[in-house]
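Novice: sequence isn't available, so here's the structure alone:
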């Protein structure tokens, strides 16, 4: 049962709710795509209408700002509720450095987001691990695929990175059921963190630093036979 059916049922009982009761008025997910590469299922999506004046001011203040993306991979079942085959969370955390005039960003795939109060410690740990991976004399250096760091020089580049999910691995087609229909769904959210001085004062003066989008589904796809090339993965209406 696709989520659109559930949305219709909820909508019927939502009539009469007061204006503005929605948790997210403008921010929304679009363009959820699924593709296969080397038997891995990769999900991409875009987040739109999220960078309000308050969000930009928070970013420029130097306080850590976190966007969390939730991704579900579901198998369609026509009679009963769809089965959730996999779910992951991608956290994108950014902090502005007023000395270098740059944004430090970290991306972490984990159930819980990094603690904003420990952003610097998390950042240094990722940098250290990258150095060990690049310059280690070990023949098989450890590669941390669930954490990465990048530096962005301006707000446009920052917004582009924070609002895009690109080829996030969510499953392995070798575990899929033959000729069954699957789809991915994505949502995003931001919650106002509990921070110490001086960022707690910044939060107080900003009117709103929270949003939560609705779930957005990808086009349905069928794995005819796990491990076949990309063009054999999708059904007639797939992308």
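Specialist: Right, received. Where do you want to start? These numbers were taken from a predicted model, which means no experiment stands behind them. Numbers count the residues shown, from 1 in each chain.
Novice: going forward, measure contacts between C-alpha atoms and count neighbours the same way
Specialist: Will do.
Novice: least trustworthy helix or strand in this structure by mean pLDDT?
Specialist: Using mean pLDDT, DSSP states H and E, helix 3-14 stands out as the lowest-scoring helix or strand of the chain, at a mean of 36.
Novice: what's the next secondary structure element after it?
Specialist: Once the chain leaves helix 3-14, the next helix or strand it forms, by DSSP states H and E, is strand 28-37.
Novice: neighbouring contacts of that following strand?
Specialist: Strand 28-37 is contacted from outside by 41-50, 183-188, 213-219, 230, 233, 239, using Cα atoms under 8 Å, 6 or more residues apart in numbering.
Novice: distance of residue 117 relative to residue 52?
Specialist: Distance of residue 117 to residue 52, given as Cα to Cα, to the nearest Å: 23 Å.
Novice: now residue 120: phi and psi?
Specialist: Main-chain dihedrals, residue 120, degrees, to the nearest 10: phi -60, psi -40.
Novice: number of nearby residues for it?
Specialist: Neighbour count for residue 120, taken as other Cα atoms under 10 Å: 13.
Novice: in this structure, which spans are helices?
Specialist: 3-14, 53-61, 119-135, 155-162, 199-205 (DSSP state H).
Novice: mean confidence (pLDDT) on the longest one, please.
Specialist: Looking back up the chat, that one is helix 119-135. Average pLDDT, helix 119-135: 74.
Novice: and if you look at stretch 188-206?
Specialist: 62.
Novice: before we move on, what about stretch 34-44?
Specialist: Stretch 34-44 carries an average pLDDT of 90.
Novice: and the biggest strand by length in the chain, what does it pack onto?
Specialist: Criterion DSSP state E: the longest strand present in the chain is strand 83-97. Counting contacts by 3 or more Cα pairs under 8 Å, 6 or more residues apart in numbering; DSSP states H and E, strand 83-97 packs against helix 53-61, strand 65-75, strand 102-109, strand 164-172.
Novice: got the angle between the first one and strand 65-75?
Specialist: Counting by axes from the mean of the first three to the mean of the last three Cα atoms, to 10 degrees, helix 53-61 points 120 degrees away from the direction of strand 65-75.
Novice: what angle do helix 53-61 and strand 102-109 make?
Specialist: 110 degrees.
Novice: okay, the angle between helix 53-61 and strand 83-97?
Specialist: Here helix 53-61 runs at an angle of 60 degrees relative to strand 83-97 (the same axes, to 10 degrees).
Novice: which parts of helix 53-61 are buried?
Specialist: Buried residues in helix 53-61, defined by neighbour count with 16 or more other Cα atoms under 10 Å: 54-55, 58-61.
Novice: could you measure from residue 65 over to residue 38?
Specialist: Separation of residue 65 from residue 38 (Cα to Cα): 34 Å.
Novice: and these two? Which one has more around it.
Specialist: Using other Cα under 10 Å as the criterion, residue 65 and residue 38 rank with residue 65 on top: 21 against 11.
Novice: so how far is residue 107 from the more buried one?
Specialist: The value you get for residue 65 to residue 107, if Cα to Cα is used, is 12 Å.
Novice: before we move on, the earlier item: by mean pLDDT, show me the worst of the helices and strands packed on strand 83-97.
Specialist: Looking at those, the weakest mean confidence is helix 53-61, a mean of 86.
Novice: make JSON lines out of the helices and strands packed on strand 83-97 and add distance to residue 27.
Specialist: Below are those laid out as JSON lines (distance: least, Cα to Cα, whole Å):
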{"stretch": "helix 53-61", "distance to residue 27": "12"}
{"stretch": "strand 65-75", "distance to residue 27": "12"}
{"stretch": "strand 102-109", "distance to residue 27": "20"}
{"stretch": "strand 164-172", "distance to residue 27": "13"}
